[in-house]
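Asks: sharing a model that was predicted from the sequence below.
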Amino acid sequence: MCGIVGIVGNSPVVPRMMESLKRLEYRGYDSAGVATLSGGNLDRRRAQGKLDALSEKLSLEPLDGTSGIGHTRWATHGQPTEPNAHPHMTEQVAIVHNGIIENFKALKAELIADGIAFESETDTEVVARLLTRELETGAYPSQAFQTVLARLEGAFALCVLIKGEENLMFGAREGSPLVVGLGNGENYLGSDAMALAGLSNHLIYLEEGDWVELSRTAVQIFDRNNQPVERQVSISQVATTMIDKGNHRHFMQKEIYEQPTVVAQALGRYLDPNAGTICLPDMPFDLADVPKVTLVACGTSFYAAQVARYWIEKIARVPVDVDIASEFRYRDPVYTDGGLAIFISQSGETMDTLAALRHAKVAGQHIASIVNVTGSTMARESDLVLPIYAGPEVGVASTKAFTCSLSVLASFSVELAHAKGTITAADVAEYVTELEHAPALMAKILSKDHEIEAIAQDIADARDILFVGRGIYFPIAMEGALKLKEISYIHAEGYAAGELKHGPIALIDENVPVIGIAPDGGLSDKTVSNLQEIMARKGKVILLSDNKGSIAEDMHAHFEMPSAGDLITPILYALPVQMLSYFAAVEKGTDVDMPRNLAKSVTVE
Ligand code: G6P
């Protein structure tokens, strides 16, 4: 979602801010803008759409200045038009904002009653107008900023420039992440380490309620009570080079094909193949004592949680609750004393997942997070962090983070089972061997991409597509449907195969493809019976399985999967459903990496 960059610098800032905004593109946005201070005066350029549109404006009407702020906006209040794009400005101040000012209507009414006019529909403009009013009373900039912060409710990260103050910038964090970058004769603000990757690797992650005053040579941080505070400096590991697509047409394609490599990397951190053991980081609690596991996440990470529930319950025999993060805290969950709450998030910043984490923390649960971004807020607020080592994921539709999260969750489940005594050391060693085989099998599946591409091209015109599976493959069916609708805009649903007769089968006719996920063994016979019911109603069945069995004759298509052990099979079946969505989207010509209306990092509720 919205991305922020700010530079209090000593050389022209616009080209560097544009680089940073490019790095922030992955978060998802629909307009962008920059503002600078030049000769003491503020000026800005903004554009609807992608950064190219902003670059074009800047080449026609360049902006000078050695201090500036930039923003990519994902619309919340008001459409993604130029007037609603950030920075929001008065003659006195320029502001960029990520998050939502919840009391903006009351504040706006107050300002309008005071004779102040507005030019956008955004909540952010309220902050610019409030700050201007404070400055006009003669308050010092820092005093005015404190007064305004005290009036704001909601979640926000702010970055502010003030007329005539080229050596000054303010930032504030309340609910949305903001990072300070330390430079040499310059200082920076950014939404995340990625925004600052080309500028600084010495970072300070602001804490909730913090605000910061930056000059070229000094950074002073204050807490929510306006007391000066010291915050730890960390060294960012994010690569400074721009992440590129290599020879791939899309980031999503690159990330799909990287999976054998990154899954091997992730497993390499958690498995000791020689000893046949799982190595988890030191824990501040004993796994053997965990009475219950609560898994919470959003989107694709939520489906990883759903898969993990089957592993943990089946292998470790520990009861598991799985929740969508946006629902979790509102259902007033019943916690078990000593319970372990695990939060799964590629970004580690998803607002609902973070709020759920804090809810569980207040309730005294042990907090673990499974994240890709190790400097993220969730990682910093957890008792235990299990990184997924997927490397930067840029495509909005998550792919490699899903299989890496699953690899970590599978390893964790096995270790939990071992700690609980439900499996022996010899069983652990067998699972380790099985996990080790996953990357090679993934590569084998990817090598048959042309087969999946043909199937995808065949179904790309469908209006509705169903994905069905049973047991641990039910969440894979839901993930397949999510992927497809995210990037190809085809309506898709994932169902438990046995549930079809309770409603969805009414949708079936010769125009509705049904993707059946049915690895041999386990519940596959039952899934195949359900697929037969679909074929009896002329539905086009496409089977993903290592055994085409008795329905071979009547199927519309079959993608042959390799046979594998039960633990890794769900990880393997993620690949064909990802490829199916990818190729269907390519066939339809959609914007695969930045699908409409979606953001990579969802930092509002
Ligand atoms: C967004 C993305 C999804 C992602 C979800 C959760 O909706 O588009 O791909 O699965 O957020 O993100 P997280 O970073 O918490 O895993």
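Replies: Now that the structure is in, tell me what you want to look at. Numbers count the residues shown, from 1 in each chain.

Asks: which SS class is Val160?
Replies: Classification of Val160 using DSSP: H, G, I helix; E, B strand; the rest coil returns strand.

Asks: what's near enough to touch it?
Replies: By C-beta atoms under 8 Å, 6 or more residues apart in numbering, the contact set of Val160 is Ile69, Val93, Ala94, Ile95, Leu131, Phe145, Met169, Phe170, Gly171. Just so you know, the C-beta spots here come from the backbone N, C-alpha and C atoms, and that holds for glycine as well.

Asks: I'd say the third one and His71 touch.
Replies: Meaning Ala94. No: taking contacts as C-beta atoms under 8 Å, Ala94 lies outside contact range of His71: 10.0 Å.

Asks: who's more crowded, these two?
Replies: Neighbours per residue (other C-beta atoms under 10 Å) separate Ala94 from His71, with His71 holding more: 31 against 26.

Asks: so which elements touch the strand or helix carrying that one?
Replies: Assigned by DSSP states H and E, His71 belongs to strand 67-73. Applying 3 or more C-beta pairs under 8 Å, 6 or more residues apart in numbering; DSSP states H and E, we find strand 67-73 packed against strand 3-8, helix 14-24, strand 31-38, strand 93-101, strand 154-162.

Asks: could you point out which element follows the third one?
Replies: Sequence-wise, the next helix or strand beyond strand 31-38 is strand 41-48, with elements assigned using DSSP H and E.

Asks: just confirm Glu91 is within a strand.
Replies: No: with three-state DSSP as the criterion, Glu91 is coil rather than part of a strand.

Asks: correct me, but it touches Gly40?
Replies: No: the pair Glu91 / Gly40 is not scored as a contact, 11.3 Å apart, by C-beta under 8 Å.

Asks: mutual contacts of Ala94 and His71, please.
Replies: Common neighbours of Ala94 and His71 (C-beta under 8 Å, 6+ apart) are Pro87.

Asks: please name the bridge partners of the nearest residue to Val96 once chain neighbours are set aside.
Replies: Nearest residue to Val96 in three dimensions, chain neighbours excluded: His71, at 3.9 Å (C-beta to C-beta, 6 or more residues apart in numbering). Taking DSSP bridges as the rule, His71 bridges to Ile4, Gly33.

Asks: got the residues of the chain near the ligand?
Replies: Proximity of the chain to the ligand, by C-beta under 6 Å from any ligand atom, involves residues 298-301, 345-347, 350, 353, 396-398, 598, 600-602.

Asks: can you pick the most crowded of those residues?
Replies: Among the residues of the chain next to the ligand, Ser345 has the most neighbours (other C-beta under 10 Å), with 33 neighbours.

Asks: phi, psi for the closest residue to the ligand within the stretch 1-150 of the chain please.
Replies: Per C-beta to the nearest ligand atom, Gly28 is where the stretch 1-150 of the chain lies closest to the ligand, at 7.2 Å. Main-chain torsions, Gly28, degrees, to the nearest 10: phi 90, psi 130.

Asks: who's in contact with it?
Replies: Contact partners of Gly28, counting by C-beta under 8 Å, 6+ apart, are Met1, Trp74, Val396, Met594, Leu598, Ala599, Lys600, Ser601.

Asks: okay but the third one is in contact with Thr590, surely?
Replies: No: in this structure, Val396 is not within contact of Thr590 by C-beta under 8 Å, at 11.3 Å.

Asks: intersection of neighbour lists for the two?
Replies: Residues touching both Val396 and Thr590 (C-beta under 8 Å, 6+ apart): Ile487.

Asks: where do the helices sit along the stretch 201-350 of the chain?
Replies: For the stretch 201-350 of the chain, the helices defined by DSSP state H, counting those that start in this stretch occupy 251-257, 259-270, 299-311, 325-328.

Asks: strands of the stretch 201-350 of the chain, residue ranges please.
Replies: Taking DSSP state E, counting those that start in this stretch, the strands of the stretch 201-350 of the chain run over residues 202-205, 211-214, 219-222, 228-229, 234-235, 271-272, 277-278, 293-297, 320-324, 340-345.

Asks: tell me the most buried of these?
Replies: strand 340-345 (a mean of 29; mean count of other C-beta atoms under 10 Å).

Asks: what's it in contact with?
Replies: With C-beta under 8 Å, 6+ apart, strand 340-345 has contacts from 285, 290, 292-298, 301-302, 304-305, 308, 325, 335, 353-354, 356-357, 360, 365-372, 376, 378, 382, 405, 409.

Asks: let's see that with 6 Å instead.
Replies: Here strand 340-345 makes contact (C-beta atoms under 6 Å, 6 or more residues apart in numbering) with 290, 293-297, 301, 304-305, 353, 357, 360, 365-371, 378, 405.

Asks: could you find the closest non-adjacent residue to Ile445?
Replies: Here the residue nearest Ile445, using C-beta to C-beta, 6+ apart, is Leu575, at 4.8 Å.

Asks: which elements pack onto the host helix or strand of the one you found?
Replies: Counting by DSSP H and E, the element that carries Leu575 is helix 569-588. When contacts are defined as 3 or more C-beta pairs under 6 Å, 6 or more residues apart in numbering; DSSP states H and E, helix 569-588 packs onto helix 400-420, helix 425-446, helix 449-459, helix 473-488.

Asks: redo those helices as a markdown table? Include mean pLDDT and mean neighbour count.
Replies: Compiled in a markdown table, these are given as follows (pLDDT from 0 to 100; neighbours: other C-beta atoms under 10 Å):
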| stretch | mean pLDDT | mean neighbour count |
| --- | --- | --- |
| helix 400-420 | 98 | 26 |
| helix 425-446 | 96 | 18 |
| helix 449-459 | 96 | 18 |
| helix 473-488 | 96 | 26 |
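
Asks: pLDDT averaged over the helix or strand containing Gly181 - what is it?
Replies: Per DSSP H and E: Gly181 is located in strand 179-182. Regarding strand 179-182, the rounded mean pLDDT is 96.

Asks: point me to the residue of the stretch 251-400 of the chain nearest the ligand.
Replies: Going by C-beta to the nearest ligand atom, the ligand is nearest to Gly299 of the stretch 251-400 of the chain, at 2.7 Å.

Asks: pLDDT at Glu121, what is it?
Replies: Confidence at Glu121, expressed as pLDDT, is 88.

Asks: I figured it hits Gly78, correct?
Replies: Yes: Glu121 is in contact with Gly78 according to C-beta atoms under 6 Å; the separation is 3.1 Å.

Asks: okay, and the common contacts of these two?
Replies: Joint contacts of Glu121 and Gly78 (C-beta under 6 Å, 6+ apart) are Asn84.

Asks: show me where the stretch 101-250 of the chain dips below the pLDDT cut-off.
Replies: 239-243 (pLDDT under 70).

Asks: mind checking how far the residue in it that the ligand sits nearest to is from Arg129?
Replies: Of the residues in the stretch 101-250 of the chain, the one nearest the ligand is Asp192, at a distance of 11.5 Å by C-beta to the nearest ligand atom. Here the distance between Asp192 and Arg129 works out to 28 Å (C-beta to C-beta, to the nearest Å).

Asks: Pro281: neighbour count?
Replies: Neighbour number of Pro281 under other C-beta under 10 Å is 11.

Asks: and Met579, by the same measure?
Replies: 25.

Asks: appreciated, that's everything.
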